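Asker: predicted model follows, preceded by the sequence.
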Amino acid sequence: MPAYEIKARGVASNETGRFERFATVACDDGWATDEELPPLRTEVREEVARSVITYNRSPDLPFDRSINPYRGCEHGCVYCFARPSHAFLGLSPGLDFETRLIARPNAAGVLRKELSAPRYKVATLALGTNTDPYQPVEKRLAITRACLQVLQAFHHPVAIVTKGTLVERDLDILAPMAQMGLVRVGISLTTLDPDLSRRMEPRAPSPARRLAAIRRLTEAGVPVRVMTSPLIPGLTDHELENLLEAGREAGADAASWIMLRLPREVSDLWQAWLHEHKPARAEKVMSKLREMHGGRDYDPRWGYRMRGEGEYAELVAKRFRLAVKRLGLMTKTAPLRCDLFAKPAQAGDQLSLF
């Protein structure tokens, strides 16, 4: 039997991670009572990071390096492609991913050290590519803010991806960086339906609140991309044009889209959610996804994993191109500045004679 009452979580299951030798299975031991179960609380553990910049060579990504201050994400988005990464920690991609978080409190200090390395070559750094840097725990720990302060000190370009409206807190850092051409923010907007958003993304800000964040950021001079991601065939795909229009009205100057991705454990979690919350749509959604991935739930190949292929994928891409052209939204933006990068003076540095 469940040991906790599960409310406001993206998934209801907690299957053992794929690398574990043994599985834990809940069962009725006959001692059930009518007592109210305690709520399932979020647990945050600390990790001492030895390095924080992760490099990649993916041709699908517009950046080659990123930072993630947290592992796991309390937003609890049922469709999150990052859920399988929790298995590497010996945890479940299910409830563990959104309730057993790992924070890296020394991230800013390690980042400063890595940026100061003599061989470091500057390029735009992505913040929050795996899990959200502005999830609720950031309000208390401020690890993301500390990392931004380091990047500001080095005049280092940064691209932020988030659903979290806590990004507004850091406008005192982001606005000056934006004036120097050092920052761009991407706000993910999946649906305009508040009820659907609450079910899919239970602890993320509402669509209206995210649009308000876009407005506040852009009014402060911070450029924002509205990210209609993930787009879900048969469930949210009809909203594509409305999402782009809402983002544009809020002040976004650029847009992007990614089709729903279901790697590894995410597929089973997503299908369980569909059958519980949208049973009449389940068959259509999965049929469209498999049509775009050669009959599979997901195709991990570079060049196909983000958008899929085939008639339906091409139709969505065409709709996106027409909409952004009509709205004057960019799909490619000017690169952030790298020429301003400089290592700030630190205690113990030898002074220059010139």
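Answerer: Arrived safely. This one's a predicted model, so the numbers in the text were calculated from it and none came from an experiment.
Asker: so residue 186 belongs to a helix, correct?
Answerer: No. Membership of residue 186 in a helix is not supported by DSSP: H, G, I helix; E, B strand; the rest coil, which gives strand.
Asker: residues touching it, list them.
Answerer: 159-162, 224-227, 256 (Cβ atoms under 8 Å, 6 or more residues apart in numbering). Using the backbone N, CA and C atoms, a C-beta is placed for each residue, glycine as well.
Asker: what sits opposite it in the beta ladder?
Answerer: The bridge-partner assignment for residue 186, based on DSSP bridges, gives residue 161, residue 225.
Asker: which strands or helices does the helix or strand harbouring residue 145 pack on?
Answerer: With the criterion set as DSSP states H and E, the secondary-structure element containing residue 145 is helix 143-153. With contacts defined as 3 or more Cβ pairs under 8 Å, 6 or more residues apart in numbering; DSSP states H and E, the packing partners of helix 143-153 are helix 107-115, strand 125-127, helix 171-179.
Asker: for the protein, just list every one of the strands.
Answerer: Along the chain, the segments classed as strands by DSSP state E run 43-46, 54-55, 65-67, 70-71, 100-103, 125-127, 158-162, 183-188, 224-231, 254-259.
Asker: what residues does the last one touch?
Answerer: For strand 254-259, the external contacting residues (Cβ under 8 Å, 6+ apart) are 186, 223-231, 233, 240, 244, 247-248, 289, 292, 306-308, 313, 316, 320, 324, 327, 329-331, 333.
Asker: the same query, at a cut-off of 6 Å, please.
Answerer: Residues from elsewhere that reach strand 254-259 (Cβ atoms under 6 Å, 6 or more residues apart in numbering): 225-231, 244, 306-308, 320, 324, 329-330, 333.
Asker: what's the farthest-apart pair in the residues you listed?
Answerer: Within the contacts of strand 254-259, two members stand farthest from each other by Cβ to Cβ: 308 and 333, at 24.3 Å.
Asker: if you count what's nearby, which of these two comes out ahead?
Answerer: residue 308 (24 against 13; other Cβ atoms under 10 Å).
Asker: where does pLDDT dip in the stretch 251-354 of the chain?
Answerer: Within the stretch 251-354 of the chain, the set of residues satisfying pLDDT under 70 comprises 347-354.
Asker: can you give me the helices in it?
Answerer: Counting by DSSP state H, counting those that start in this stretch, the stretch 251-354 of the chain has helices at residues 266-277, 279-292, 311-327.
Asker: of all those, which lies closest to residue 153?
Answerer: helix 311-327 (35.3 Å).
Asker: return the distance of that closest one from the chain's centre.
Answerer: The offset between the C-alpha centroid of helix 311-327 and the centroid of the whole chain comes to 23 Å, using Cα atoms, centre = their mean, to the nearest Å.
Asker: ok, and what's touching that helix?
Answerer: Residues from elsewhere that reach helix 311-327 (Cβ under 6 Å, 6+ apart): 240-241, 244, 248, 255, 257, 288, 291-292, 307, 331.
Asker: for that helix, which positions count as buried?
Answerer: Using 16 or more other Cβ atoms under 10 Å as the test for burial, helix 311-327 gives 312-313, 316, 319-320, 323-324, 327.
Asker: farthest pair within the residues you listed?
Answerer: Pairwise distances across the buried residues of helix 311-327 (Cβ to Cβ) peak at 22.6 Å, for the pair 312 and 327.
Asker: circling back: okay, the helices of the stretch 251-354 of the chain in TSV with distance to residue 52 next?
Answerer: Written out in TSV, the entries for those read as follows (distance: least, Cβ to Cβ, whole Å):
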stretch	distance to residue 52
helix 266-277	25
helix 279-292	34
helix 311-327	34
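Asker: many thanks, we can stop here.
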